[in-house]
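**Student:** sharing a sequence plus its predicted fold:
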Amino acid sequence: MKKGRVFIFLVAIFAVLACSSALFGADAPLGNLFIVFSVEHFAGVEVRTNIDAYSNLYAAFGVNGMVFGLRVSSKETRGLYISPKVCVNYQARTLLNLMIGWKTIVTNLSNGEFFVEAGVKDVLGNLVPDVNIGFALKF
């Protein structure tokens with residue numbers, strides 16, 4: 001395993017531990033862990049920290065790279081959100097993306113989330129259209 005991948009793996013483990021309630025002895029978890037299957041990640045792990053009942057900060061580590069971002073939503077938008085995010089692939093290329101998405105909770109599948117996102121990659125450079133479809137299973 002390359003040094004860069006080992007570092008990324010260690011960062012992912014630390015993020016999961018830092019967001020777990022057991023580490024700090026908190027009554028409520030500071031974050032949630034999701035297993036994500038999507039076009040963007042293929043398969044990955046996502047750690048979310050809620051800002052309020054509808055918006056969250058997240059870090060996702062998948063087969064295709066890492067993503068750090070923010071999902072901003074409200075009660076009135078009913079699952080629609082805006083998501084600025086920074087994507088880092090494993091060849092050390094960093095892109096700033098802007099996505100608009102929609103998610104819905106699937107109660108029959110352990111409260112998993114189905115989501116669809118569309119937007120642009122590389123906002124600061126050459127704009128490239130992007131679509132992401134997937135499912136996030138709360139762990």
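**Tutor:** Cool, the structure landed. Residues are numbered from 1 along each chain as shown.
**Student:** which stretches of this protein form helices?
**Tutor:** 3-18, 21-24 (DSSP state H).
**Student:** can you flag the weakest of the ones you listed by average pLDDT?
**Tutor:** Lowest mean pLDDT within the helices of the chain: helix 21-24, a mean of 44.
**Student:** which stretches of this structure have low pLDDT?
**Tutor:** By pLDDT under 70, the low-scoring segments of the chain are 1-30.
**Student:** contacting residues for Val106?
**Tutor:** Residues near Val106 by Cβ atoms under 8 Å, 6 or more residues apart in numbering: 112-114, 135. Using the backbone N, CA and C atoms, a C-beta is placed for each residue, glycine as well.
**Student:** mind running it again at 7 Å?
**Tutor:** If you count contacts by Cβ atoms under 7 Å, 6 or more residues apart in numbering, Val106 has them with 112, 114.
**Student:** how about Phe42?
**Tutor:** For Phe42, the contact set (Cβ under 7 Å, 6+ apart) comprises 62-64.
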